[in-house]
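Undergrad: sharing a model prediction with you, sequence too.
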Amino acid sequence: MLHERYSFAAFRADGRELVTSDRGDLSVWSVNRRNGRRFLSAAQVSDRLSQIDFHPGGHLVATGSSAGRAGLWAAGGSRPLTWATALTDTTAEVADVRFSRDRKTLAVTLDSGTVELWNLGDLPAIAAAPITVACGITGTGLSRKEWRQYAPGLPYEPTCPQR
């Protein structure tokens with residue numbers, strides 16, 4: 001049981017993770033019946049959140065704020081919770097954020113009565129497997145020379161599987 005004080009909570013579709021928010025924090029928890037909960041990741045949020053929702057695929061979290069901003073966070077599994085993109089910035093409070101069941105659209109409802117529909121495009125696939133998508137686009141990983149340029153001081157690791 002979560003004993004802390006939270007304003008909002010949303011489960012991942014498979015029920016294995018929970019995202020919570022309160023007072024400028026957004027947190028992701030692993031949840032299972034045997035072991036209860038385990039903290040996975042957290043991030044500071046600049047606005048007081050008014051809504052959150054977990055993408056059905058489990059790798060994105062939508063947030064809406066009382067300051068009129070809606071955005072997306074990459075989340076899920078052992079990866080840290082990271083800011084993905086801002087979607088809207090209005091003077092009206094975000095009343096609700098909800099992903100569609102087909103996983104392709106986010107609805108952002110404002111307290112002014114407006115509903116914005118956002119086509120997510122490839123973002124869910126990128127959030128689920130960023131390295132796989134990047135390797136598919138580039139067709140290759142970093143060479144040893146590129147590795148020295150972009151990751152100086154770190155030992156070389158192949159970044160994409162060999163074809």
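TA: Yes, it's here.

Undergrad: name the SS class of the residue lying farthest from the centre of the chain, please.
TA: In the chain, counting by C-alpha atoms, centre = their mean, Lys145 sits farthest out from the average C-alpha position, at 32.3 Å. Following DSSP: H, G, I helix; E, B strand; the rest coil, we place Lys145 in the helix state.

Undergrad: what separation do you get for it and Thr159?
TA: Separation of Lys145 from Thr159 (C-beta to C-beta, to the nearest Å) stands at 13 Å. For the C-beta atoms, the positions are set from N, CA and C on the backbone; glycine is no exception.

Undergrad: do the same with Ser66
TA: As defined by C-beta to C-beta, Ser66 lies at a distance of 41 Å from Thr159.

Undergrad: can you give me the end-to-end distance of stretch 38-58?
TA: 17 Å (C-alpha to C-alpha, to the nearest Å).

Undergrad: got the buried residues for it?
TA: By 16 or more other C-beta atoms under 10 Å, the buried positions in stretch 38-58 come out as 40-41, 43, 45, 49-58.

Undergrad: okay, and which of those residues map to strands?
TA: 40-41, 43, 49-54 (DSSP state E).

Undergrad: just flag the most distant two among those residues.
TA: The distance between the two most remote of these (C-beta to C-beta) is 23.0 Å, for Leu40 and Ser50.

Undergrad: just the residues contacting the lengthiest helix in the chain, thanks.
TA: Counting by DSSP state H, the longest helix found in the chain is helix 130-138. Residues from elsewhere that reach helix 130-138, judged by C-beta atoms under 8 Å, 6 or more residues apart in numbering: 74, 122, 125-126, 141, 159-161.
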